[in-house]
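1. Let's see this in three dimensions:
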Amino acid sequence: MNQSRMEARGVPARPRSKVADIEDRVRKALSERKTVTRDIETEYAEKMALGDRVADIVAEFGGSWTFIFTFGGIMAVWMLVNALVLRDKAFDPFPFILLNLVLSTLAALQAPVIMMSQNRQSEKDRARAEHDYEINLKAELEIGQIHQKLDVFRDVQWAQLVATQQKQIEYLEKIIGGAEKGRVGA
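-> You can find the predicted model right below:
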């Protein structure tokens, strides 16, 4: 039942699914003999704002061994300087409350930035999956078309083969009929 009939009967029309839109786009590209491939990475790189790029850099660095070793070294130097070198004049004496504040602030700022980067990565992954679906769907449709063409070709070949065999049977019947006449007349 089409949407206009459903709406006329008081049944609200369901919004088209994203999959239906993709399928329409792929069918159109197939009928126009266009490709559906595109560079997802470039598309996202062109859309990224400065904050997005910074978030990705922070997430990449914050999730690396370089960050862990660097920050571990900074913390060790901080504690050694305050506990041993500056002992009585330490700017952050043991129990290192200032260091704790710095660590908490860093975690509070770094976590949402990393989450933003992960969300953007999820969007990119969804776009890649959608793109893969488009390509697979187009390949499936093209393979279906090839099968149809091969079926038509096979049917034509089969008809030609049957016609050729029919002619061969007719020739054989003429040959056999002529041979029998020659025996009867002799």
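2. Report all helices and strands that the lengthiest helix in the chain contacts.
-> What stands out as the longest helix in the chain, according to DSSP state H, is helix 97-185. Using 3 or more CB pairs under 8 Å, 6 or more residues apart in numbering; DSSP states H and E, the elements in contact with helix 97-185 are helix 18-31, helix 40-47, helix 50-62, helix 65-80. For the C-beta atoms, the positions are set from N, CA and C on the backbone; glycine is no exception.
3. Mind doing that once more with 7 Å?
-> Secondary-structure packing of helix 97-185 (3 or more CB pairs under 7 Å, 6 or more residues apart in numbering; DSSP states H and E): helix 18-31, helix 40-47, helix 50-62.
4. buried sites along the last one?
-> Same thing as helix 50-62. Ala55, Asp56, Val58, Ala59, Gly62 (16 or more other CB atoms under 10 Å).
5. ok so, going back, the longest helix of the chain vs helix 40-47, what angle?
-> Helix 97-185 runs at 140 degrees relative to helix 40-47, counting by axes from the mean of the first three to the mean of the last three CA atoms, to 10 degrees.
6. From the chain's centroid, how far away is helix 97-185?
-> 17 Å (CA atoms, centre = their mean, to the nearest Å).
7. average model confidence for that helix?
-> For helix 97-185, the mean pLDDT works out to 91.
8. Can you tell me, leaving aside adjacent residues, what's nearest to Met75?
-> Closest residue in space to Met75, ignoring its immediate chain neighbours: Leu99 at 6.8 Å, by CB to CB, 6 or more residues apart in numbering.
9. so who does the one you found touch?
-> Residues in contact with Leu99 (CB atoms under 7 Å, 6 or more residues apart in numbering) are Met75, Trp78, Asp92.
10. tell me the contacts of the last one?
-> Pointing back at Asp92 there. Applying CB under 7 Å, 6+ apart to Asp92 gives the contacts Asn82, Leu98, Leu99.
11. What sits closest to the second one if chain neighbours are left out?
-> Computed as CB to CB, 6+ apart, the closest residue to Leu98 that is not its neighbour in sequence is Asp92, at 3.8 Å.
12. Looking at the one you found now. What's its pLDDT?
-> Note on Asp92: pLDDT of 92.
13. Now the phi/psi pair for it, please.
-> Here is the backbone geometry of Asp92 (degrees, to the nearest 10): phi -140, psi 80.
14. how much space between it and Leu106?
-> 15 Å (CB to CB, to the nearest Å).
15. Closest one of the buried residues of helix 50-62 to Val152?
-> Of all the buried residues of helix 50-62, Val152 sits closest to Asp56, with 51.9 Å by CB to CB.
16. Need the nearest residue in space to that closest one, chain neighbours excluded.
-> Closest residue to Asp56 apart from its sequence neighbours, by CB to CB, 6+ apart: Ser117 at 5.0 Å.
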